[in-house]
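Engineer: Got a predicted structure here, sequence first:
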Amino acid sequence: MSGMWRVADVVGVHEETTTARTIRLRLPEPVRFLAGQHVDVRLTAPDGYQAVRSYSVAGATPPDSLEITVDELPDGEVSPYLVRDLAVGDQLEVRGPVGGWFVWRPEETSPVQLVGGGSGVVPLMAMVRAHAMAGHPAPFRLLYSVRAPESVFFRSELETLARDDTFDVTYVYTRRAPDGEPVGRLDAATLAANVLNSGSDPAVYVCGATGFVEAVSGWLVELGHSPDRIKTERYGGVGGAS
Amino acid sequence: MSDYLDGNALAGPLSEVFSIDITAALGKCGGCGAVRALAQAHLYVDAPAKILRCPSCGGVLLRLDERGGRLILDLSGFAHLTIQVG
Ligand SMILES: Cc1cc2nc3c(=O)[nH]c(=O)nc-3n(C[C@H](O)[C@H](O)[C@H](O)COP(=O)(O)OP(=O)(O)OC[C@H]3O[C@@H](n4cnc5c(N)ncnc54)[C@H](O)[C@@H]3O)c2cc1C
Ligand SMILES: [Zn+2]
């Protein structure tokens, strides 16, 4: 049952925030990747104990490299190792990229609304990058709920990409905001004011901690978005906390 | 708030068994008849086995038990699956 697992080399690490880092992996074979997919990472302890966790792919560099961005859950089993201990030259067992549902394909023509909480922004970033790479004309909007300004992943790249007419990013700061900007959890009214109108029938992708995804997808339906147009990726109780 | 994931998260383990992504397949719930992508059902990973439940009726759609180099996949909660091929 280890057929799909491949040993990847860690070829780069980059601190994204004080608690999160982007890890660049090189796989032994060419990688096929759709924006939104994830990989499973498997760690094996010296005594044989194994732990498997899923991580969204933030982006891929053909032919054989991809990046994941991991946020540390301080008491977690796997994420502290990936964020604090893993080093260039180490190896990780990886399965994937996998998933054919929570994905964006450049063939799609409709406007796209992305809503991410905390590390839930990672697969959405892959979509934003794919959209920019394709020079795709459809409007793309990202609503990014994040604890504080210094918790933002990919900030400078997002700012650069937002200079393009087809892409916009809005931040919602839940704990601390830059001067003059509001602080507070994302609520129905803030969501309504910052997402594409349901009239334009956007494809909507929501990703983050389970509670966040639950709340946001419920509000979106109340705003008139069809449940069929909303795709979700829940990270569990902790993974994408914001 | 219950701590479930989406069926999306089964894509890795199911890739061990199926040659194409099966999480995008549509499954009809054998209990209530609701039709959804597997990726849209609710996945519980806290039990020893992974359990996929129907969001409409809560019934068990799929059970996946991966242990000691063996995988037991119980799909009996589905009336059928519709899979896009080609
Ligand atoms: C599809 C998907 C994509 C994700 N992408 C990202 C990402 O891009 N970045 C990111 O930081 N996080 C991501 N996560 C969350 C990530 O998988 C981990 O949950 C997170 O890193 C915490 O893991 P931990 O081992 O540190 O914490 P732990 O507390 O040890 O575990 C956290 C959660 O893992 C689950 N878990 C615990 N034990 C098991 C087990 N034996 N088998 C299966 N699951 C178990 C439980 O739901 C638990 O709540 C993603 C999750 C999913 C489902
Ligand atoms: Zn049902």
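Structural biologist: Arrived safely, thanks for sending. Numbers count the residues shown, from 1 in each chain, chains lettered A, B, ... in the order given. Ligands and ions are numbered 1, 2, ... in the order given.

Engineer: phi, psi of the most far-flung residue of chain A relative to its centre?
Structural biologist: Relative to the centre of chain A, the most outlying C-alpha is that of A:Asp47, 32.4 Å out, by C-alpha atoms, centre = their mean. Main-chain dihedrals, A:Asp47, degrees, to the nearest 10: phi -80, psi 10.

Engineer: now it: how far from chain B?
Structural biologist: Counting by C-beta to the nearest C-beta, to the nearest Å, the separation of A:Asp47 from chain B is 15 Å. Every C-beta, even on glycine, is put in place using the N, C-alpha and C of the backbone.

Engineer: again with A:Glu67
Structural biologist: Look at A:Glu67 and chain B: by C-beta to the nearest C-beta, they are 18 Å apart.

Engineer: My reading is that that residue lies in a strand. Confirm?
Structural biologist: Yes - judged by DSSP: H, G, I helix; E, B strand; the rest coil, A:Glu67 forms part of a strand.

Engineer: partners of it in the sheet?
Structural biologist: With DSSP bridges applied, A:Glu67 shows beta-bridge pairing to A:Arg24, A:Gly59.

Engineer: Quick one: neighbours of the residue in chain A that ligand 2 sits nearest to, just the number.
Structural biologist: Here the residue of chain A nearest ligand 2 is A:Pro227; by C-beta to the ion that distance is 15.3 Å. A:Pro227 has 12 neighbours, counted by other C-beta atoms under 10 Å in any protein chain shown.

Engineer: residues contacting the closest residue to A:Glu15 other than its chain neighbours?
Structural biologist: Sequence neighbours aside, A:Arg21 is the residue nearest to A:Glu15 in space, at 5.2 Å (criterion: C-beta to C-beta, 6 or more residues apart in numbering or on different chains). Contacts for A:Arg21 (C-beta atoms under 8 Å, 6 or more residues apart in numbering or on different chains) come out as A:Val13, A:His14, A:Glu15, A:Thr69, A:Val70, A:Leu82, A:Val83.

Engineer: can you tell me which of those are in strands?
Structural biologist: Here DSSP state E is the test, and the contacts of A:Arg21 give A:Val13, A:His14, A:Glu15, A:Thr69, A:Val70 as lying in strands.

Engineer: Below-threshold pLDDT in chain A: ranges please.
Structural biologist: A:1-3, A:238-242 (pLDDT under 70).

Engineer: cool, and chain B?
Structural biologist: For chain B, the stretches flagged by pLDDT under 70 are B:1-2.

Engineer: Give me the phi and psi angles of B:Ala11.
Structural biologist: Dihedral angles (degrees, to the nearest 10) for B:Ala11: phi -60, psi -40.

Engineer: try the one 4 residues further on
Structural biologist: B:Ser15 adopts backbone torsions of phi -70, psi -20, taken as degrees, to the nearest 10.

Engineer: ok, now B:Leu14?
Structural biologist: Per degrees, to the nearest 10, the backbone of B:Leu14 is at phi -70, psi -20.

Engineer: Touching, it and B:Ile22? I think so.
Structural biologist: Yes - here B:Leu14 lies in contact with B:Ile22, judged by C-beta atoms under 8 Å, at a distance of 5.0 Å.

Engineer: got a list of what the closest residue in space to A:Leu82 that isn't next to it in sequence touches?
Structural biologist: Distances taken as C-beta to C-beta, 6+ apart put A:Val70 closest to A:Leu82, at 4.6 Å, once the chain neighbours are dropped. Residues in contact with A:Val70, defined by C-beta under 8 Å, 6+ apart, are A:Ala20, A:Arg21, A:Ile23, A:Tyr55, A:Ser79, A:Leu82, A:Val83, A:Ser119.

Engineer: These in helices, which ones?
Structural biologist: Using DSSP state H, A:Ser79 are the members of those that sit in helices.

Engineer: which one among the contacts of A:Val70 gets closest to A:Arg95?
Structural biologist: Ranked by distance to A:Arg95 (C-beta to C-beta), the contacts of A:Val70 are led by A:Tyr55 at 10.9 Å.

Engineer: Contact residues of chain B facing ligand 2?
Structural biologist: B:Cys29, B:Gly31, B:Cys32, B:Ala34, B:Cys54, B:Ser56, B:Cys57, B:Gly59 (C-beta under 5 Å from the ion).

Engineer: shouldn't A:Val13 be in contact with A:Glu67?
Structural biologist: No - contact between A:Val13 and A:Glu67 fails when scored by C-beta under 8 Å: they sit 10.0 Å apart.

Engineer: what do the two both touch?
Structural biologist: A:Thr22, A:Ile23, A:Arg24.

Engineer: Get me the contact residues on chain B for chain A.
Structural biologist: Counting by C-beta under 8 Å from any C-beta of the partner chain, the residues of chain B close to chain A are B:1-9, B:11-13, B:15-16, B:20-21, B:23-24, B:37-40, B:45, B:66, B:69-71.
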